[in-house]
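> turn this into a structure:
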Amino acid sequence: MQVSGPIVDKIGRRRLFIAAACIHNVGAFIQAFGRSFGVLVVGRMVAGVSLGIFAFLVPLYQSELARHEHRGRMITFYQLGVTAGFCVAYWVAYATFNLKQHFSWELPILLQIGPSTILLLGIPWAVPETPRWLVYKGRRNSADAILSKLRMRRQEDDHEKVVSSPPTSSTSPLGAHGLLIAEEDHDRQEEMESHLGSSPSTTASSDAYSLDMEYLGIIQDVSFERHCPTSYASLLTKGNDNNRKRLFLGMGLHIMTQFTGINALLFHLPHIMETMGLAEINAMLIGNAVSGMVNMLATILVFFYIDRWGRRRILMVGALAMCVCMVSISIILAVYSDSRNEASRSSEMMMYVSNPQATMAVLVLLCLFLACFAMTWAAIGWIFPAEIYSQRIRAKAMGVTTGSMFGCSLLVTQVAPYLFDVMAWKAYVVFACLVLVDALLVHFFYPETKAKTLEEIQLLFSGALVDQTPKAHHPATAAEAWEKIEELCRSPTSRSRHPLERKPGIMQKNYDKAISRSDEPPTAKLSDPLPSILTDFMAIMLCDMVPCRPRHDVLFQVNGQPLPELMYFIQMMTFGGEINCRTALVALIYLERAKLRLPSHAVGSPDTSHRLFLASLLLASKLLQGSTWTTATLTKHRVYKLCRGLYSYREIESIERGFLKLIEYQCWVDDRDLHHFIMRHRSDLAF
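Residues are numbered from 1 along each chain as shown. The predicted structure is shown next:
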């Protein structure tokens, strides 16, 4: 599984599904037609490789495809498949037990080929690649098409990149907030209006808008992460993303799941039933089948509440319920069990329950324990790890997390027989205590992830959120998280790091206000506004980008508000937003990229320059979230207040989305880009 992480990032989720299914079929054939114990073990090992791949790949795939409000149900399908497989396997073993010769074990093994063969046949038309992996590999058009198909909406042309062409005729107006373009380019009218904003009457439907914002969030998150380290060593780094904490939480949840004792009970259920006085082989086979059915039926109930109740609540309630079951079993066994030491017994257990009522009570409590586990920890154990990892480390981290689960399962199943042998009924008390500890660990260390997008969950672990206690960093929305980051960035005690914070470059040497956190500037400079030469240069660049139609009325209004002069608008936004030089320079780089992609004949409305400036500044602030002392991260709410209602919340989001499409989502800016920009404009900026 550790090897599968880099492989799945390289070849994709879909291809690894095909490879795993083929490996599984090979392993099943070796087991079925092998005539020696060694060959059987080899076949089992080959099939085990495929099972390990599926164990981390399926939840990973489901988490990347599902809507955030249905992600819990989607990943629960994996657990339902696992429990259904156990149930079918138990009943097949019971049905084929009395077959003659070798058919009693060959037939169940050959039946393994069925599910993997169905998967192989269905992958070409029913298993698409995940949009997040496609964006990670730069295949945005394919990602857009698949995301649109998955969300049941026809792919729109507004995700296609702009292809400029020279004007061939006069221009004509296209609306109050649109552009003036050539008459031959009317088929590009909607696309160009989307780039620089449109009036509310031209906005898409709510479903289309939600899809656009989901696609935009994936682009922003993945585009940033492509420039961050992706090695296994990065899993143990703290940094701004807190990868180490995520890994410990993911591994810890799987380890705690095994410490509930679930596999110790399932794997040794025949021996446990023998101590209950049910020593006949048919009784033990039926007991296994019944436990598998209880497990599967209880998993079905999870779909009704998994995305309604919080993950933490489900885990803690489930842990307490399992603790009660274990304590009850231990009490019954302590009262009614006897010690037996007969060499003829195949079981090594020291307990023996002769009371039929006590036997039935223990069996009912065991089934209740299985049901509580299936309804809580079994599902969340796969959901939570698949949610918390960022795109760049998700595959590797899921491999490590799932590997820790199998390793701990092996440990528990090997130790459990000795534990039951030595401690008898007290072993159930040990598991009850471990389950209680699990509940406490969840309460104190695990954040809530219900109904959050993968991009919003990324904010839960942001290094800027210095208060890492679960109750202190559970924002309900991404906007709320940004507000928290904004408050902490103003605090001089915050010391979180950012990928852009490297050694001071030419910008720091020649421009004393473009400083990173490592420089620890004096408090007096934190609230200083931008120098006038930089705001003047920004206004000149905006006016030079696209010619705007002149105002026929001095009091030109937008949404009932008078449109301020561009220079005043720039000063108002940069001063009120506490924008520093680094953020302003990044915004200028974005404007330069946008200018290269605008058609040469495009003409804007009177507020086009305002929109371009607003979008570039908002995007630059998000890129540098918390990375500079003087910049408080801009949010939609903050921008709305700064521009005094000039643009609505929906328009601000639309402006940002359109600008990102215009620059083709080329958001990354590092110190080298800043250095080149400053060198090109050194004379203009007086550097």
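
> point out where the stretch 251-400 of the chain drops to low pLDDT.
For the stretch 251-400 of the chain, the stretches with pLDDT under 70 are 271, 273-284, 338-354.

> where do the strands of it begin and end?
Listed in chain order, the strands of the stretch 251-400 of the chain (DSSP state E, counting those that start in this stretch) span 337-339, 351-353.

> same question, the chain
171-172, 181-182, 337-339, 351-353, 557-558, 561-562 (DSSP state E).

> give me the distance between the nearest residue to residue 119 once chain neighbours are set aside and residue 261.
Leaving aside its chain neighbours, residue 119 sits nearest to residue 21 (4.8 Å; criterion: Cβ to Cβ, 6 or more residues apart in numbering). C-betas here are computed from N, CA, C, even on glycine. Residue 21 sits 32 Å away from residue 261, going by Cβ to Cβ, to the nearest Å.

> likewise for residue 99?
According to Cβ to Cβ, residue 99 and residue 261 sit 34 Å apart.

> those two: who's more crowded?
Taking other Cβ atoms under 10 Å, residue 99 and residue 261 do not tie; residue 261 has more neighbours (22 against 13).

> tell me how far the spatially closest residue to that one that is not a sequence neighbour lies from residue 265.
Excluding the flanking residues, the one nearest residue 261 by Cβ to Cβ, 6+ apart is residue 431, at 3.7 Å. Taking Cβ to Cβ as the measure, residue 431 falls 9 Å from residue 265.

> for residue 242, same thing?
From residue 242 across to residue 265, the span is 35 Å (Cβ to Cβ).

> outline the domain layout of this protein.
With automatic domain parsing as the criterion, the domains of the chain are listed as 4-127+232-445, 506-685.

> between those, which one is closest to residue 215.
With Cβ to Cβ as the criterion, residue 215 lies closest to domain 506-685 of those, at 8.9 Å.

> contact partners for the residue nearest to residue 259 when sequence neighbours are not counted?
Computed as Cβ to Cβ, 6+ apart, the closest residue to residue 259 that is not its neighbour in sequence is residue 434, at 4.4 Å. Counting by Cβ atoms under 8 Å, 6 or more residues apart in numbering, residue 434 touches 259, 260, 261.

> now those residues as JSON lines including distance to residue 639?
Shown next, in JSON lines, are the contacts of residue 434 (distance: Cβ to Cβ, whole Å):
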{"residue": "259", "distance to residue 639": "48"}
{"residue": "260", "distance to residue 639": "48"}
{"residue": "261", "distance to residue 639": "53"}
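
> residue 295 is in contact with residue 370, correct?
Yes - if you go by Cβ atoms under 8 Å, residue 370 and residue 295 touch, sitting 5.4 Å apart.

> skip the chain neighbours and tell me the closest residue to residue 385.
Distances taken as Cβ to Cβ, 6+ apart place residue 250 nearest to residue 385, at 3.8 Å, with adjacent residues excluded.

> ok, that neighbour to residue 256 distance?
11 Å.

> which of these two has more residues huddled nearby?
Shown here are residue 250 and residue 256; by other Cβ under 10 Å, residue 250 has more neighbours (25 against 22).

> that one touches residue 401, doesn't it?
Yes - counting by Cβ under 8 Å, residue 250 sits close enough to residue 401 to count as a contact (4.2 Å).

> intersection of neighbour lists for the two?
The contact sets of residue 250 and residue 401 overlap at residue 385 (Cβ under 8 Å, 6+ apart).

> OK, contacts around the nearest residue to residue 53 once chain neighbours are set aside?
Leaving aside its chain neighbours, residue 53 sits nearest to residue 20 (4.2 Å; criterion: Cβ to Cβ, 6+ apart). Residue 20 makes contacts with 50, 53, 54, 57, as judged by Cβ under 8 Å, 6+ apart.

> how much space is there between residue 20 and residue 445?
Using Cβ to Cβ, residue 20 is found at 33 Å from residue 445.

> quick check, pLDDT for residue 604.
On the pLDDT scale, residue 604 is placed at 78.

> what is it paired to in the beta sheet?
Beta-bridge pairing of residue 604 under DSSP bridges involves residue 548.

> that one contacts residue 546, correct?
Yes - Residue 604 lies in contact with residue 546 (Cβ under 8 Å); the separation is 4.6 Å.

> ok, and the closest non-adjacent residue to residue 105?
Once flanking residues are discounted, residue 105 sits nearest to residue 96: 7.8 Å by Cβ to Cβ, 6+ apart.

> over to the one you found: give its phi and psi.
phi -100, psi 0 (degrees, to the nearest 10).

> show me the contacts for it.
Shown in contact with residue 96 (Cβ under 8 Å, 6+ apart): 103, 104, 105, 107, 108.

> for residue 582, see how far away it is.
Distance from residue 96 to residue 582, by Cβ to Cβ: 70 Å.

> do the same with residue 562
From residue 562 to residue 582 the distance is 32 Å (Cβ to Cβ).

> these two - which one has more neighbours?
residue 582 (26 against 12).

> can you check the pLDDT for the more buried one?
Reported pLDDT for residue 582: 80.

> isn't it right up against residue 677?
No - counting by Cβ under 8 Å, residue 582 stays clear of residue 677, with 11.4 Å between them.

> buried residues in stretch 248-265?
Buried residues in stretch 248-265, defined by neighbour count with 16 or more other Cβ atoms under 10 Å: 248-265.

> low-scoring pLDDT stretches of the stretch 51-200 of the chain, where are they?
Ranges of the stretch 51-200 of the chain meeting pLDDT under 70: 152-200.

> okay, and which of the buried residues of stretch 248-265 map to helices?
248-259, 262-265 (DSSP state H).

> from those residues, which single one is nearest residue 320?
Of all these, residue 256 has the smallest distance to residue 320: 13.8 Å, by Cβ to Cβ.

> dump the residue contacts of the nearest residue to the closest one once chain neighbours are set aside.
Leaving out its chain neighbours, the residue that sits closest to residue 256 by Cβ to Cβ, 6+ apart is residue 438, at 4.3 Å. Residue 438 makes contact with 256, 259, 260, 315, 319, according to Cβ under 8 Å, 6+ apart.

> can you get me a residue count around the fourth one?
If I follow you right, that is residue 315. Residues near residue 315, counting by other Cβ under 10 Å, number 25.

> list the contacts for it?
Counting by Cβ under 8 Å, 6+ apart, residue 315 touches 376, 377, 380, 438, 439, 442, 446.

> can we see that at 10 Å?
Residue 315 makes contact with 253, 256-257, 376-377, 379-381, 384, 438-439, 441-443, 446 under the criterion Cβ atoms under 10 Å, 6 or more residues apart in numbering.

> by neighbours, which of those wins?
When neighbours are counted by other Cβ under 10 Å, residue 379 leads the contacts of residue 315 with 30 neighbours.

> quick check: that residue touching residue 299?
Yes - at 6.9 Å, residue 379 and residue 299 qualify as touching, with contact defined as Cβ atoms under 10 Å.

> overlap in contacts, these two.
76, 77, 79, 80, 83, 373.

> tell me the spatial nearest neighbour of the last one, not counting adjacent residues.
If I follow you right, that is residue 373. Residue 373 sits nearest to residue 262 (Cβ to Cβ, 6+ apart), 5.2 Å away.

> check contacts around the one you found.
So residue 262 contacts 295, 322, 369-370, 373-374, 377-378, 381, 409, 412, 431, 435 (Cβ under 10 Å, 6+ apart).
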